[in-house]
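Asker: build me a model from this:
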Amino acid sequence: YANPFDDFFGGSHLQQYTYTSTYTEYDSQLKRVEDALMDRNVARARQILSGITNHTGAWYYWSALTDAMQGNRVSALNNARIAMQMDSSQSAFRELYNQLQSGGNVYRQAGASQGFFGGLCNNSCLTCLAVNVLCNCCCRGACC
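Answerer: Purely as a prediction, here's the structure:
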């Protein structure tokens with residue numbers, strides 16, 4: 001099943017997160033996960049992670065990166081938090097967590113600097129009303 005929006009948007013939603021890491025992996029299984037992510041093979045990374053039963057801080061770190069590359073920000077943030085809690089001595093774990101946690105703020109700050117504050121979309125009632133008005137005015141009510 002092909003995604004009809006792939007051509008229009010320049011690819012699938014996978015790999016929204018760019019893989020960069022200062023962490024050095026020494027475990028052979030997790031090194032395979034790192035290699036898969038460097039090759040942008042997120043499905044392979046997830047498959048390798050699924051086969052590992054010992055979930056160390058490093059496992060949660062690589063799982064968070066995999067989730068982030070799949071666009072699953074909530075799971076990525078949770079896994080990065082666990083990695084950081086399990087091994088707080090790893091600065092790469094803290095950096096990933098902070099990067100994921102501030103991800104939404106980066107977009108909000110960039111939008112605000114251009115004069116967009118997103119108030120309409122922050123209020124679901126106002127958004128629904130605006131869509132309804134647009135549909136009634138532009139489409140004579142045919143789309144709602």
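Asker: how about the helices in this protein?
Answerer: Taking DSSP state H to define them, one finds helices in the chain at 6-9, 28-38, 42-50, 57-69, 73-86, 91-101, 103-113, 119-122, 124-138.
Asker: check those for me: which has the lowest mean pLDDT.
Answerer: Out of the helices of the chain, helix 6-9 stands lowest, with a mean of 36 (criterion: mean pLDDT).
Asker: for D39, grab phi and psi.
Answerer: phi -80, psi 0 (degrees, to the nearest 10).
Asker: what about it, neighbour count?
Answerer: Look at D39: counted by other Cβ atoms under 10 Å, it has 11 neighbours. Quick note: C-beta positions are derived from backbone N, CA and C, even for glycine.
Asker: look up how far Q47 lies from D39.
Answerer: 13 Å (Cβ to Cβ, to the nearest Å).
Asker: anything in contact with each of these two?
Answerer: With contacts taken as Cβ atoms under 8 Å, 6 or more residues apart in numbering, D39 and Q47 have no neighbour in common.
Asker: and Q114, what's its pLDDT?
Answerer: With respect to pLDDT, Q114 scores 49.
Asker: give me the neighbour count for Y97.
Answerer: Neighbourhood size, Y97 [other Cβ under 10 Å]: 22.
Asker: can you tell me the closest non-neighbouring residue to it?
Answerer: Once flanking residues are discounted, Y97 sits nearest to A80: 4.1 Å by Cβ to Cβ, 6 or more residues apart in numbering.
Asker: so who does that neighbour touch?
Answerer: Y60, Y61, A64, F93, L96, Y97, L100.
Asker: the same query, at a cut-off of 10 Å, please.
Answerer: The contact partners of A80, by Cβ atoms under 10 Å, 6 or more residues apart in numbering, come to 60-61, 63-65, 67-68, 93-101.
Asker: again, but for V74
Answerer: V74 sits next to D67, L100 when contact means Cβ under 10 Å, 6+ apart.
Asker: quick one, phi psi at H55?
Answerer: Backbone torsions of H55, given as degrees, to the nearest 10, read phi -90, psi 90.
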